[in-house]
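**Student:** fold the following, please.
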Amino acid sequence: MLELAILGFLYDAPLHGYELRKRITALTGHVRPVAESTLYPAIKRLEQAGLLARTTQPGSVAAPRHVLTLTEEGRGELRRRLAEPARHDITDENRWFTVLAFLRHLDDAAGQAAVLRRRLAFLEEPASFFYDGDRSLRAEELDDPFRRGLLTVARATSRAELSWLRDTIRSLDG
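**Tutor:** This is a model prediction of the structure:
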């Protein structure tokens, strides 16, 4: 998820590390804040793989800044990761939001629709957080108001996403 976010934001524009960290935190920070000790090793791995380049620019007040730019290989890697997201990138809501944030960089409408269809198929699978034996429980069956609330919110969120997915797929299919 972190590498995908790095590639996605650098696809938009060259950034220095601090600005990149702020943008990633804004996208994922409410759930997974990005520490420097995590971000900079990921940047180094991507740089060593030839997916991004680093240039030094004079700082406006203090030390020089390292500006990161996506290479052509990095652009291709981002598009590959978007076209073929791993299953956990489809099923994990936070990873899915990262894919969704950059899916516009996949220039192929049919490819975009294919990714959305994978998420749609996942959401259409029956699921619950709570069970009575093997039978999943619905919100209306729970006495616990907090678990009932969790299921009610999850159901509403899923319905909204399902509606958006279906509409967007129709639009991409033309």
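
**Student:** break this protein down into its domains, please.
**Tutor:** Domain assignment for the chain by automatic domain parsing gives 2-81, 109-173.

**Student:** residue 81 falls within a helix, correct?
**Tutor:** Yes - counting by DSSP: H, G, I helix; E, B strand; the rest coil, residue 81 falls inside a helix.

**Student:** neighbours around residue 35, how many?
**Tutor:** By other CB atoms under 10 Å, the residues close to residue 35 number 10. Yep, even glycine has a C-beta here, placed from its N, CA and C like the rest.

**Student:** could you measure from the residue nearest the centre of the chain over to residue 12?
**Tutor:** A centroid search over the chain (CA atoms, centre = their mean) returns residue 98, at 1.1 Å, as the residue closest to the centre. For residue 98, the distance to residue 12 (CB to CB, to the nearest Å) stands at 14 Å.

**Student:** check which helices and strands the helix or strand encompassing residue 11 is in contact with.
**Tutor:** Secondary structure assigned from DSSP states H and E places residue 11 in helix 2-12. Contacts defined by 3 or more CB pairs under 8 Å, 6 or more residues apart in numbering; DSSP states H and E place helix 2-12 against helix 17-28, helix 36-48, strand 52-57, strand 65-70, helix 72-83, helix 93-102.

**Student:** for residue 166, find the nearest of those.
**Tutor:** helix 93-102 (15.1 Å; CB to CB).

**Student:** what mean pLDDT does that closest one have?
**Tutor:** Mean per-residue pLDDT for helix 93-102: 93.

**Student:** so it versus helix 17-28, what angle?
**Tutor:** Between helix 93-102 and helix 17-28, the angle comes out at 120 degrees (axes from the mean of the first three to the mean of the last three CA atoms, to 10 degrees).

**Student:** what's the local residue count around residue 38?
**Tutor:** Residue 38 - counted by other CB under 10 Å - has 14 other residues nearby.

**Student:** list the contacts of the residue nearest to the centre of the chain.
**Tutor:** 1, 4-5, 8, 27-28, 89 (CB atoms under 8 Å, 6 or more residues apart in numbering).

**Student:** so the residue of the chain most remote from its centre: helix, strand or coil?
**Tutor:** Most distant from the centre of the chain: residue 143, at 34.6 Å, with distances by CA atoms, centre = their mean. Following three-state DSSP, residue 143 is assigned to coil.
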